[in-house]
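Asks: Sequence first, predicted model second:
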Amino acid sequence: MILISSCLAGLEVRYNETHSLNLQLQKLVKENKALPVCPELLAGFSTPREPAEIIGGTGDDVLDGKARVIEKSGRDVTEMYIRGARLTLQKATELNATAVVLKEYSPSCGSAAIYNGEFSGKIIAGDGVTSALLKRNNICVMSEKDYEDNNKK
């Protein structure tokens with residue numbers, strides 16, 4: 001079993017009520033080979049919600065108390081992002097997930113790149129909070145592009 005960001009499965013759960021449908025990943029969900037998960041919704045956020053970015057580092061820095069997740073208006077939502085990461089880890093552990101495919105650039109799900117914290121659309125190398133926590137617990141995490149590259153037919 002693998003877990004997939006809900007937005008990649010076509011669910012409209014992104015902050016702006018959209019999805020990031022990936023047909024290959026959606027097919028896995030339909031075939032009961034994968035389950036959708038959204039760390040933000042698990043944490044108690046609603047859809048729509050204000051955009052947020054990691055300020056002062058990456059997901060690892062958030063977990064180490066060195067960076068914060070801040071909404072565009074300035075509200076600190078760090079603890080909710082950590083909660084969502086922990087609940088996602090719990091779900092992955094319960095399901096013995098072999099991999100987790102997460103949406104790149106998200107402050108939760110980015111697995112190689114995230115927005116830089118300036119709300120300017122600039123990308124930096126680094127993990128989101130959920131991705132960082134899963135990797136710390138030896139769970140294979142990849143982006144949708146990594147999944148596609150590894151599963152070309």
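Replies: On my side now, so go ahead.
Asks: For the least confident helix or strand in the chain by mean pLDDT, enumerate the helices and strands it packs against.
Replies: Across the helices and strands of the chain, the lowest-confidence element by mean pLDDT, DSSP states H and E is helix 144-150, at a mean of 91. Where contact means 3 or more CB pairs under 8 Å, 6 or more residues apart in numbering; DSSP states H and E, helix 144-150 is packed against helix 23-30, strand 99-102. Placement of C-beta: from N, CA and C, glycine included.
Asks: Select, out of the ones you listed, the one closest to residue 49.
Replies: Proximity to residue 49 (CB to CB) singles out strand 99-102 among the helices and strands packed on helix 144-150, at 17.6 Å.
Asks: Would you mind putting the CA coordinates of the closest one into CSV?
Replies: C-alpha atoms of strand 99-102 as CSV (Å, rounded to 0.1, in the frame of the first residue of the first chain):
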residue,chain,number,x,y,z
ALA,A,99,6.0,4.6,-0.1
VAL,A,100,4.3,8.0,0.1
VAL,A,101,3.9,10.2,-3.0
LEU,A,102,3.5,13.8,-2.0
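Asks: got a list of contacts for the helix or strand following that strand?
Replies: Beyond strand 99-102 in the direction of the C-terminus, DSSP states H and E gives the next helix or strand as strand 113-115. The contact list for strand 113-115, computed with CB atoms under 8 Å, 6 or more residues apart in numbering, reads 53-54, 58-59, 104-107, 121-128.
Asks: switch the cut-off to 7 Å
Replies: With contact meaning CB atoms under 7 Å, 6 or more residues apart in numbering, strand 113-115 is reached by 53-54, 58, 104-105, 107, 122-126, 128.
Asks: In strands, which of the residues you listed fall?
Replies: The members of the contacts of strand 113-115 that map onto strands under DSSP state E are 53-54, 123-125.
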